[in-house]
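Participant: Sequence isn't available, so here's the structure alone:
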RNA sequence: GUGAAUGUAGCUCAGCUGGUUAGAGCAUCAGAUUGUGGUUCUGAGGGUCGCGGGUUCGAAUCCCGUCUUUCACCCCA
């Protein structure tokens, strides 16, 4: 016998947890659908050639690879095997891998299905992804991503739409958030205005850490990466601006700075037509995931919970380029479902009534009542009541305990007397009251909300 | 990839500087209660102390190795 255990970074979900997760995903789906996004699904497995090279060296290392079937060593790269070069060997023995995110498979999907979809194509996708990362708090090797993207349009209307989705979704979930917005061109403008255009990546890597390590440490790190101390000070000064207007004097001289400011202005202008319940804040210090974002960028942070980002996204201009379809612009956002779940759990934001599913348990006391109970159960079920019959004739306290453990609100007790009179005992498990009712009354009673 | 912890009953954990038969709570099962759950009381079952080696008269306890899991960093959701 082997001791049961799970691979690291994976979890079982109990019924109550699955119900909560469905509730969360359900709300997201409703918001997505209402904004005109449609669902797609892609396989868990992709070809390694689809996945490798898309996430940088680090990402390639974290890909789960799937061994080829059969005697896969026959085709193994012998030289790599002898050199113990695992990475090189993998290419010859694993032609498939588990998807690492939903964005790259989506890019493949768009390229392969471009004849079947109409642009702009608005899709959402809620599926698990896998990463061979070291797990830690709130981070798993298998987790769900909820992505929402539009491809095939450069219109800034979609930026506004996606911000509206964030606002509505978090409001409906009951989480108060700040939606931070920035633009890659503004960051480029800041670099240019500080005379360090050549150090753009160094700059963004550093300022991304601002809220984590503080101003002084960011300054120090910028200098360490070859940015002059004065330029670093200038950068820090510029990224602390809280309004677009205050950046205009410094950035309007640079082409990219102007472009970024114009874009964001246009987005904010469109947002005036939306009803937004959450704060949307311009934050020039936001420098997230810049490796593939080319325009607008966004990140969502909970206001009342100590938790990293609950979601993020941005515009990218060349999603499908690596699959041979250039110039397809896109903009998208992602919800960090696992973290949102944790925040909602810690703030007790799930409705109380999503735990139990069964509304009535039928308990029979003798073999004839068992048969009678089957018919009653079916009657209740066809009256849209979630009903179930206790399957064995046992001491009643056992079946009552079962009803109690499952939080079933009503128990229908059927014995000889009930059978003869046609009036069944209905016990309300919350109040403990019990009364004898005919089936019709009983159904009405169970369906009446408390 | 770097660093630090951890591992004892199904679960959460106690077990002092080594000393007979390894404990508790929860959970399970049975009874108090032969037609009534939650609370309570009584009892029962359940352990190769992660695995391997070493020190010792004696190891859950000390040492070494190994595996597992967790936490932090990197990175990221």
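Facilitator: Okay, I see it. Computed from a predicted model, the values in this text were never measured in an experiment.

Participant: who touches the closest residue in space to residue A:211 that isn't next to it in sequence in this structure?
Facilitator: Excluding its sequence neighbours, the residue lying closest to residue A:211 (Cβ to Cβ, 6 or more residues apart in numbering) is residue A:285, at 7.7 Å. C-beta: built from backbone N, CA, C; applies to glycine. Contacts for residue A:285 (Cβ atoms under 8 Å, 6 or more residues apart in numbering) come out as A:182, A:207, A:210, A:211, A:239, A:240.

Participant: Could you measure from residue A:285 over to residue A:350?
Facilitator: Separation of residue A:285 from residue A:350 (Cβ to Cβ, to the nearest Å): 33 Å.

Participant: And for residue A:30?
Facilitator: Taking Cβ to Cβ, one finds residue A:30 at 16 Å from residue A:350.

Participant: Next: residue A:340.
Facilitator: From residue A:340 across to residue A:350, the span is 11 Å (Cβ to Cβ).

Participant: These two: which has the busier surroundings?
Facilitator: More crowded of residue A:340 and residue A:350, by other Cβ atoms under 10 Å: residue A:340, with 25 against 19.

Participant: Over to the more buried one. Which of the three states is it?
Facilitator: Following DSSP: H, G, I helix; E, B strand; the rest coil, residue A:340 is assigned to helix.

Participant: what residues go with each domain of chain A?
Facilitator: As assigned by automatic domain parsing, chain A contains the domains A:15-44+A:99-346, A:45-98, A:356-447.

Participant: Buried deepest among these, which one?
Facilitator: domain A:15-44+A:99-346 (a mean of 18; mean count of other Cβ atoms under 10 Å).

Participant: and that domain, anywhere near RNA strand B?
Facilitator: Yes: counting by Cβ under 7 Å from any atom of the strand, RNA strand B has neighbours in domain A:15-44+A:99-346: A:101, A:131, A:133-141, A:143, A:145, A:205, A:209, A:289, A:291, A:308-312, A:334, A:336, A:338-339.

Participant: And for stretch A:395-406?
Facilitator: Yes: Stretch A:395-406 lies within reach of RNA strand B by Cβ under 7 Å from any atom of the strand, at A:395, A:396, A:397, A:398, A:400, A:401, A:403, A:404, A:405.

Participant: So which of these are in helices?
Facilitator: Under the assignment DSSP state H, the residues of stretch A:395-406 next to RNA strand B contribute A:396, A:397, A:398, A:400, A:401, A:403, A:404, A:405 to helices.

Participant: confidence score at the residue nearest to residue A:240 when sequence neighbours are not counted?
Facilitator: Leaving aside its chain neighbours, residue A:240 sits nearest to residue A:285 (7.1 Å; criterion: Cβ to Cβ, 6+ apart). We have a pLDDT of 86 for residue A:285.

Participant: I'd assumed the residue nearest to residue A:211 was in a strand, is it?
Facilitator: No: the assignment for residue A:285 is coil, going by three-state DSSP, so no strand is present there.

Participant: Next up, phi/psi of it, please.
Facilitator: phi -90, psi 0 (degrees, to the nearest 10).

Participant: Quick one: the strands in the stretch 351-450 of chain A, in order.
Facilitator: Here the stretch 351-450 of chain A has its strands, by DSSP state E, counting those that start in this stretch, at A:360-364, A:387-389, A:410-414, A:424-428, A:434-437.

Participant: The second one and RNA strand B in contact?
Facilitator: If I follow you right, that is strand A:387-389. No: contact of strand A:387-389 with RNA strand B (Cβ under 7 Å from any atom of the strand) is absent, the minimum separation being 14.7 Å.

Participant: SS state for the nearest residue in space to residue A:54 that is not next to it in sequence?
Facilitator: Nearest residue to residue A:54, sequence neighbours excluded (Cβ to Cβ, 6+ apart): residue A:104, at 4.9 Å. Put simply, residue A:104 is helix when judged by three-state DSSP.

Participant: so residue A:104 sits right up against residue A:52, yeah?
Facilitator: No: counting by Cβ atoms under 8 Å, residue A:52 is not a contact partner of residue A:104; they are 10.1 Å apart.

Participant: Which residue ranges of the stretch 101-250 of chain A form strands?
Facilitator: Ranges of strands in the stretch 101-250 of chain A, per DSSP E, counting those that start in this stretch, are A:121-130, A:142-151, A:177-183.

Participant: shaky segments in the stretch 301-450 of chain A?
Facilitator: Counting by pLDDT under 70, the stretch 301-450 of chain A shows low-confidence ranges at A:355-356, A:450.

Participant: Residue A:8: which of the strands of the stretch 351-450 of chain A is closest?
Facilitator: strand A:387-389 (36.5 Å; Cβ to Cβ).

Participant: List the strands paired with the closest one, with their directions.
Facilitator: Under the criterion DSSP bridges, strand A:387-389 sits next to strand A:360-364 (parallel) in its sheet.

Participant: Please report how far residue A:302 lies from RNA strand B.
Facilitator: Shown here: residue A:302 relative to RNA strand B, a distance of 12 Å by Cβ to the nearest atom of the strand, to the nearest Å.

Participant: before we move on, back to that, and the contacts of residue A:285 as JSON lines, adding pLDDT?
Facilitator: Listed next are the contacts of residue A:285 as JSON lines, based on pLDDT from 0 to 100:
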{"residue": "A:182", "pLDDT": "92"}
{"residue": "A:207", "pLDDT": "83"}
{"residue": "A:210", "pLDDT": "80"}
{"residue": "A:211", "pLDDT": "76"}
{"residue": "A:239", "pLDDT": "85"}
{"residue": "A:240", "pLDDT": "83"}
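
Participant: out of those residues, who's nearest RNA strand B?
Facilitator: For these, the residue nearest RNA strand B by Cβ to the nearest atom of the strand is residue A:211; the value is 11.2 Å.

Participant: so where's the longest helix in chain A?
Facilitator: Counting by DSSP H, the longest helix found in chain A is helix A:15-34.

Participant: show me the contacts for residue A:9.
Facilitator: Contacts for residue A:9 (Cβ under 8 Å, 6+ apart) come out as A:133, A:135, A:139, A:140, A:141, A:142.

Participant: out of the strands of the stretch 351-450 of chain A, nearest to residue A:218?
Facilitator: Proximity to residue A:218 (Cβ to Cβ) singles out strand A:387-389 among the strands of the stretch 351-450 of chain A, at 59.9 Å.

Participant: okay, the strands of the stretch 101-250 of chain A in CSV with distance to residue A:161 next?
Facilitator: Output for the strands of the stretch 101-250 of chain A, formatted as CSV (distance: least, Cβ to Cβ, whole Å):
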stretch, distance to residue A:161
strand A:121-130, 8
strand A:142-151, 8
strand A:177-183, 13
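
Participant: of these, which approaches residue A:197 most closely?
Facilitator: Closest approach to residue A:197 among the strands of the stretch 101-250 of chain A is made by strand A:177-183 (16.0 Å; Cβ to Cβ).
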